[in-house]
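Engineer: no sequence for this one, just the structure:
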């Protein structure tokens with residue numbers, strides 16, 4: 001760096017520009033969402049994902065179990081949608097004709113009818129046996145029983161065979177394989193006894209009941225998942241198709257997707273607001289509870305920010321649009337939630353691998369049972385035991401535990417203003433014992449104000465030049481100084497500049513260089529800070545330095561304010577056993593004062609990505625604007641605090657939809673409760689299988705009770721996960737004990 005005095009500012013000369021920008025090559029990658037015929041379980045979803053990732057041009061693929069939607073990111077120059085649909089048809093997962101997310105498809109209705117038909121056929125097969133037990137002698141011809149069983153086996157049970165075929169060809173275990181094997185065994189063995197041996201001890205009635213129970217289990221799981229996912233329907237219904245746009249002095253009706261930033265629209269009383277923007281005229285109250293989780297009416301007046309989808313309750317508002325339709329918070333939130341419920345984290349994939357190992361063990365148990373009973377008894381007894389083992393095994397009991405609980409947790413989060421990206425982030429937060437806060441915009445408002453300006457130059461041109469650098473770089477660290485210089489006219493010449501992370505900005509034009517940033521940036525650039533430069537600097541204030549050609553010429557002293565509820569949140573979390581760390585991300589000087597006020601002992605000068613990822617029990621909490629992507633991704637979990645414009649939505653693993661630090665405590669409560677439910681689900685499933693399978697293999701459980709037990713365990717897991725919906729948040733306040741552990 002060239003070191004000269006500040007009078008070198010006069011060296012700024014004619015415009016040379018900041019360098020021409022090269023036009024970015026237009027990307028051919030596209031996002032596609034396809035609704036499939038209902039996916040049976042996570043193993044089925046994994047098969048579809050594997051097939052899609054095997055296509056050339058596919059960047060990512062994941063299936064949403066809750067909505068039966070396939071989300072694809074692919075290169076349209078390599079892969080066409082027709083080729084995608086052909087590949088789906090080839091693996092037996094065709095695209096459904098209905099593309100609506102909100103309403104049940106005809107496929108669901110058709111499967112409900114098949115379940116009812118299967119139940120009727122089962123009743124017809126079992127009715128004579130029940131009446132005979134009641135001393136009423138009624139017999140159904142064997143031919144009729146065979147016909148009813150054939151309809152159940154090959155028409156109503158066709159989806160079981162398709163699922164079993166997928167399982168065999170792809171190497172993923174699912175309940176279809178065991179059910180198809182057990183019912184086929186019962187059906188064909190009954191045919192053998194009837195046609196070859198002439199025996200009347202047939203299993204046709206058991207066959208129909210087993211298929212009915214299997215269909216009922218699938219139907220129940222899908223209904224539960226669909227019901228949980230449909231909680232997003234009220235949010236999706238907030239989309240407004242048209243807006244009332246001001247054109248000169250008249251209102252015209254225009255499609256919302258044709259609005260541009262800067263347009264002004266009118267929101268009449270009682271209407272949903274059509275776009276995100278600032279109020280420029282009018283006073284009213286709005287209901288934005290579905291968007292931010294904040295209950296009740298929120299007053300709005302001039303300069304207040306409003307969100308598309310919120311309802312204007314009282315008087316009309318004139319609003320200046322700030323975003324295009326695709327960038328409205330409503331649409332970003334909707335996309336975020338759909339992606340969150342579709343995403344398969346590592347934890348879920350571990351469950352799928354466990355299911356495969358589990359199925360191998362079940363196969364071994366069935367073979368051993370057949371060998372044992374075939375040796376000590378007869379073939380009929382051995383086959384009965386094998387059917388019981390295959391029916392009582394339920395690998396989806398493991399797979400259903402995590403996704404259903406996460407869907408409910410994500411819906412709870414939406415109601416409270418908390419968005420969870422995936423199960424990994426939720427579980428990382430549940431296991432956390434240390435919270436790492438960014439200095440600015442989390443525990444404080446992040447809205448610095450200049451309280452003093454010190455300068456060591458008589459050349460007032462530095463303000464015009466420095467303001468130009470600040471305007472070009474738009475670095476958050478200089479926002480307060482830029483506002484302070486609002487009456488200064490910036491120079492018309494452009495600088496070449498580069499931001500130095502959270503520390504500030506370096507800029508150069510011809511022989512003139514500028515450094516605008518924190519203490520850390522000056523240390524990094526070997527600029528000495530002399531005692532004279534620290535004169536009148538308060539310890540609880542931040543410092544923003546301006547350096548021209550290697551010499552310090554000015555210092556802005558800035559002050560920030562601690563957020564409302566920050567003290568209560570830290571005190572409450574401290575009682576839960578959490579440790580805290582605060583690191584200085586940008587301005588220095590005020591960090592120690594903030595930490596001292598909140599009782600945080602550990603203040604870091606800097607925080608690297610490795611420092612966070614070194615312990616998976618660390619949770620990083622920032623504002624999303626000054627935090628690196630590596631930092632947000634590497635922590636055990638990352639929380640981003642919302643802003644009124646929500647410019648950082650989607651950057652964190654967990655996003656808070658309003659600027660309320662107490663939402664961190666609510667997010668932790670949801671995460672811990674969900675994690676406990678998932679652990680209990682796994683424990684219930686493992687305990688059930690560890691006891692039930694050996695009993696069935698030894699012949700103590702017959703096929704019909706085995707099928708009933710398999711359905712019962714799936715229902716038990718769903719009901720246990722459903723208890724999450726009864727959760728109510730514990731408010732933030734200092735309190736004894738551990739209220740989050742209450743169940």
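Structural biologist: That came through, no problem. Since this is a predicted model, take the numbers as computed values, not measurements. Numbers count the residues shown, from 1 in each chain.

Engineer: Which segments of the chain make up each domain?
Structural biologist: Using automatic domain parsing, the domain ranges for the chain come out as 30-90, 240-338, 416-436+564-664, 448-559.

Engineer: what does stretch 151-162 rub up against?
Structural biologist: Contacting residues not belonging to stretch 151-162 are listed as 40, 92, 111, 114, 117-118, 121-122, 176, 179-180, 183-184, 187, 207-208, 211-212, 214-215 [Cβ atoms under 8 Å, 6 or more residues apart in numbering]. The C-beta positions use only the backbone N, C-alpha and C, and glycine is treated the same way.

Engineer: Return the members of those classed as buried.
Structural biologist: 40, 92, 111, 114, 117-118, 121-122, 176, 179-180, 183-184, 187, 207-208, 211-212, 214-215 (16 or more other Cβ atoms under 10 Å).

Engineer: circling back: now, which of the contacts of stretch 151-162 lie within helices?
Structural biologist: 111, 114, 117-118, 121-122, 176, 179-180, 183-184, 187, 207-208, 211-212, 214-215 (DSSP state H).

Engineer: Where does the prediction get shaky in the stretch 201-350 of the chain?
Structural biologist: Filtered on pLDDT under 70, the stretch 201-350 of the chain yields the residue ranges 221, 224-233, 235-236, 338-350.

Engineer: where along it do the strands fall?
Structural biologist: 242-247, 250-255, 264-267, 277-281, 284-287, 298-300, 305-306, 311-312, 317-321 (DSSP state E, counting those that start in this stretch).

Engineer: quick one: residue 415 and residue 293 touch, right?
Structural biologist: Yes. With contact defined as Cβ atoms under 8 Å, residue 415 and residue 293 form a contacting pair (6.0 Å).

Engineer: higher neighbour count, these two?
Structural biologist: Set residue 415 next to residue 293 and count neighbours by other Cβ atoms under 10 Å: residue 293 wins out with 20 against 15.

Engineer: ok but residue 464 is inside a helix, no?
Structural biologist: Yes. Assessed with DSSP: H, G, I helix; E, B strand; the rest coil, residue 464 lies in a helix.

Engineer: ok, residue 663 to residue 416 distance?
Structural biologist: As for residue 663, its distance to residue 416 is 7 Å (criterion: Cβ to Cβ, to the nearest Å).

Engineer: How many residues are close by the residue nearest to residue 263 when sequence neighbours are not counted?
Structural biologist: In space, and not counting its chain neighbours, residue 263 is closest to residue 321: 4.6 Å by Cβ to Cβ, 6 or more residues apart in numbering. By the criterion of other Cβ under 10 Å, residue 321 has 23 neighbours.

Engineer: was I right about residue 321 contacting residue 256?
Structural biologist: No. Applying Cβ under 8 Å as the test, residue 321 and residue 256 come out as separate, 9.5 Å apart.

Engineer: which neighbours do these two share?
Structural biologist: With Cβ under 8 Å, 6+ apart, residue 321 and residue 256 have common neighbours residue 275.

Engineer: Report the rounded mean pLDDT for the longest strand that the chain contains.
Structural biologist: The residue-count maximum for a strand in the chain (DSSP state E) belongs to strand 551-559. For strand 551-559, mean pLDDT is 91.

Engineer: Repeat that for stretch 139-157.
Structural biologist: pLDDT averaged over stretch 139-157 gives 90.

Engineer: same thing with stretch 388-406?
Structural biologist: 72.

Engineer: Just the endpoints, please. Distance across it?
Structural biologist: Its start and end residues considered, stretch 388-406 measures 32 Å (Cα to Cα, to the nearest Å).

Engineer: Now do the same for residue 672: helix, strand or coil?
Structural biologist: When classified by three-state DSSP, residue 672 comes out as helix.

Engineer: With residue 513 instead?
Structural biologist: strand.

Engineer: quick one: it from residue 485, how far?
Structural biologist: For residue 513, the distance to residue 485 (Cβ to Cβ) stands at 19 Å.

Engineer: just to revisit the earlier point, in TSV: the strands of the stretch 201-350 of the chain, plus distance to residue 162.
Structural biologist: Shown next, in TSV, are these (distance: least, Cβ to Cβ, whole Å):
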stretch	distance to residue 162
strand 242-247	44
strand 250-255	43
strand 264-267	51
strand 277-281	50
strand 284-287	47
strand 298-300	51
strand 305-306	50
strand 311-312	46
strand 317-321	49
